[in-house]
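> I'll drop the sequence and a predicted model, then ask my questions.
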Amino acid sequence: MIALRSIEEIESIRKAGAIVAQALETVRKQARAGVTTAQLDAIASGVILSAGGIPAFKGYKGYPANICASVNEEVVHGIPSHRKLKDGDILSVDVGVKLGDYFADAALTVGIGRISGEAERLMRATHDSLQRGIELARPGNRLSDISSAVQQHVEAQGFSVVKAFVGHGIGTRIHEEPEIPNFGKPGKGPRLEAGMVLAIEPMVNAGTYEVEVLEDGWTAVTKDGKLSAHFEHTIAVTDSGARVLTAL
């Protein structure tokens, strides 16, 4: 069952989302060559805790860190470590926050120093596909209208959408119904209604859509070793369209 949130609940999620956005922006500014992903994890944790939030990923199904930090061919769920970022890397950062009884979740990909033209195109296509999906998150549309918009934009740029991981509902749990694939035909699935809160998150690969999970049980990588990018926002469906709850 897909929850419909009240105006007050959406405001609570937005407050959690403001902390997510602050943590992501701080990490984005601090992410540069020579910095480790563990250092960025500590920075994000500091921002979240000082704002009164709780890092939502820490301990979730045993996950050991505060944020996910996925580098280059790592798609999602990369565990922060003593790995130093280097010039030319791209880094996907995923942050979840619990504030009171409510959760918010967002992600972005940032280039480290001077990145390749393909990496820039991949990041732009992923970011723009998220925007296309958000635009269709309005009452009366179907859930798969979001999915189809993401896939069509990504594939038109010559990239592929990851099929093994999907977006999700969010509210009093970090993952709620419905699942939101980044692929599919339009006009399918539940009809969108005001009050739905969704985490839309395209994960886009430069090569094949296929992924595999490393021995750590978390880090998902592209099967062909090519780059991957990830952008995400938590949004509320309102009578006037989508409202982004994880924006600065």
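Good, I have the coordinates.

> quick one: buried residues of the biggest helix by length in the chain?
Ranked by residue count under DSSP state H, the longest helix found in the chain is helix 7-30. If you call a residue buried by 16 or more other C-beta atoms under 10 Å, then helix 7-30 has these buried ones: 9-10, 12-24, 26-27. All C-beta spots, glycine's among them, are computed from the backbone N, C-alpha and C.

> which secondary structure elements does it sit against?
When contacts are defined as 3 or more C-beta pairs under 8 Å, 6 or more residues apart in numbering; DSSP states H and E, helix 7-30 packs onto helix 37-50, strand 90-99, strand 102-111, strand 233-238.

> tell me where the protein has helices.
7-30, 37-50, 117-135, 143-156.

> would you turn these into JSON lines with distance to Ser240 and mean pLDDT?
JSON lines is the format used below for the helices of the chain (distance: least, C-beta to C-beta, whole Å; pLDDT from 0 to 100):
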{"stretch": "helix 7-30", "distance to Ser240": "13", "mean pLDDT": "98"}
{"stretch": "helix 37-50", "distance to Ser240": "30", "mean pLDDT": "98"}
{"stretch": "helix 117-135", "distance to Ser240": "13", "mean pLDDT": "98"}
{"stretch": "helix 143-156", "distance to Ser240": "17", "mean pLDDT": "98"}
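
> will you turn those helices into JSON lines that also has distance to His82?
Below are these laid out as JSON lines (distance: least, C-beta to C-beta, whole Å):
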{"stretch": "helix 7-30", "distance to His82": "16"}
{"stretch": "helix 37-50", "distance to His82": "6"}
{"stretch": "helix 117-135", "distance to His82": "23"}
{"stretch": "helix 143-156", "distance to His82": "33"}
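
> Val93: which of the ones you listed is closest?
Nearest of the helices of the chain to Val93, taken as C-beta to C-beta: helix 7-30 at 5.2 Å.

> what angle do the closest one and strand 102-111 make?
30 degrees (axes from the mean of the first three to the mean of the last three C-alpha atoms, to 10 degrees).

> quick one: pLDDT of the residue nearest to Thr172 when sequence neighbours are not counted?
The shortest distance from Thr172 to any non-neighbouring residue, by C-beta to C-beta, 6 or more residues apart in numbering, is to Asp101 (5.7 Å). Asp101 is assigned 98 on the pLDDT scale.
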